[in-house]
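Undergrad: Requesting a structural model of the entry that follows:
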Amino acid sequence: MICRFSPKVTLSLLSVCLLAAPVSLKAVFPEAIAQTASNAATSAETTSAAAPVAALYEALKSAQKAGKTAQQRATMIAPAVDHAFDLETILRRSVGVRYNSLSPADRTRLLGSFRQFTIARYASSFKPESQVVFTVLPQTRPNPTGGQIVDTTIGGTDGGDVTPIDYIMTNGASGWRITDILLNAHISQVAAQRADFGGALSQGGASGLADHLDSKTAHFLHD
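TA: Presented below is the predicted three-dimensional model:
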């Protein structure tokens, strides 16, 4: 049997229920509330993880437009690189186990050279005439070994070839920072640098690697 109430009776019953005792939405809809909170947390995490990459791309776009020389572009890009990258972690992983045996002075010099090398490489890659288009995909995805992956693409203004570049993001004391870059979605920059840095380390130690990076920096900044 179906009982039907008039609209006035229905409103009266609802008013009585609401006035009789406060109702906890969490008690009535626990799963819905939990899911909403989870979605909000995921959305916030996605936004936070992608923010350093988005800021880096904005700096690269500005440098591309206004930086007439590589040195000018490097100056414009530097703050965004410092904010977006965990350079010490990337350097440590690129050097490998030998990093642990380096003296504090060697580590400091290497980090300074690696920072300048990273900035100069960007300044050299994105020149005014290239007018590269940067796109950051709206959703991040979990990295199997921890952190988040920010998917991006870099391509020309003519809509031609587009290169996927993914950023491995790790959340540390300073917030989300880039700890590796995957070219074409699978080629690790850290792994490539480890192979490149290994020869310089073997031949000249930390000083030899720093000189190697300084030489590359000078080449990148030479217009």
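Undergrad: top strand in this structure by residue count?
TA: When the chain is parsed with DSSP state E, its longest strand is strand 162-172.
Undergrad: what's the next secondary structure element after it?
TA: Downstream of strand 162-172, the first helix or strand assigned by DSSP states H and E is strand 175-183.
Undergrad: Now do that following strand: everything it contacts.
TA: Residues from elsewhere that reach strand 175-183 (Cβ atoms under 8 Å, 6 or more residues apart in numbering): 48-49, 51-53, 56, 84-86, 89-90, 93, 147-149, 163, 165-170, 188-190. Heads up, the C-betas are built off the backbone N, CA and C, glycines and all.
Undergrad: what does stretch 120-135 give?
TA: 57, 60-61, 63-65, 67-68, 70-71, 73-74, 77, 81, 152-157, 216-217, 220-221.
Undergrad: Same question for stretch 86-96.
TA: Counting by Cβ under 8 Å, 6+ apart, 81, 99, 102, 110-111, 114-115, 118, 170, 172, 174, 177-180, 189-190, 193-194, 197-198, 201, 209 sit against stretch 86-96.
Undergrad: out of those, which are buried?
TA: Neighbour-count burial (16 or more other Cβ atoms under 10 Å) applied to the contacts of stretch 86-96 gives 81, 99, 102, 110-111, 114-115, 118, 170, 177-180, 189-190, 193, 197, 201, 209.
Undergrad: Could you list which of the residues you listed belong to helices?
TA: Among those, the ones falling in helices (DSSP state H) are 81, 110-111, 114-115, 118, 189-190, 193, 197, 201, 209.
Undergrad: which SS state does residue 129 fall under?
TA: Using DSSP: H, G, I helix; E, B strand; the rest coil, the secondary structure recorded for residue 129 is coil.
Undergrad: Tell me the pLDDT of it.
TA: Residue-level confidence at residue 129 comes out at 81, pLDDT.
Undergrad: can you tell me how far it sits from residue 146?
TA: Going from residue 129 to residue 146 by Cβ to Cβ, to the nearest Å gives 39 Å.
Undergrad: Look at those two and report which has more neighbours.
TA: Ranked by neighbour count (other Cβ atoms under 10 Å), residue 129 and residue 146 place residue 146 first, with 11 against 5.
Undergrad: And what about that one, helix, strand or coil?
TA: coil.
Undergrad: do you know how far it is from residue 137?
TA: From residue 146 over to residue 137 (counting by Cβ to Cβ), the distance is 20 Å.
Undergrad: Can you show me the CA trace of the longest strand of the chain as PDB?
TA: Coordinates of each C-alpha in strand 162-172 appear next as PDB, following Å, rounded to 0.1, in the frame of the first residue of the first chain:
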ATOM      1  CA  VAL A 162      54.200  17.600 -30.000                       C
ATOM      2  CA  THR A 163      56.600  16.100 -27.500                       C
ATOM      3  CA  PRO A 164      55.200  14.600 -24.300                       C
ATOM      4  CA  ILE A 165      57.300  15.600 -21.300                       C
ATOM      5  CA  ASP A 166      56.400  14.300 -17.900                       C
ATOM      6  CA  TYR A 167      57.600  15.600 -14.500                       C
ATOM      7  CA  ILE A 168      58.100  13.400 -11.500                       C
ATOM      8  CA  MET A 169      56.900  15.500  -8.500                       C
ATOM      9  CA  THR A 170      57.900  14.800  -4.900                       C
ATOM     10  CA  ASN A 171      56.400  16.500  -1.900                       C
ATOM     11  CA  GLY A 172      59.000  17.500   0.600                       C
END
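Undergrad: Before I go, just wanted to say thanks for your time.
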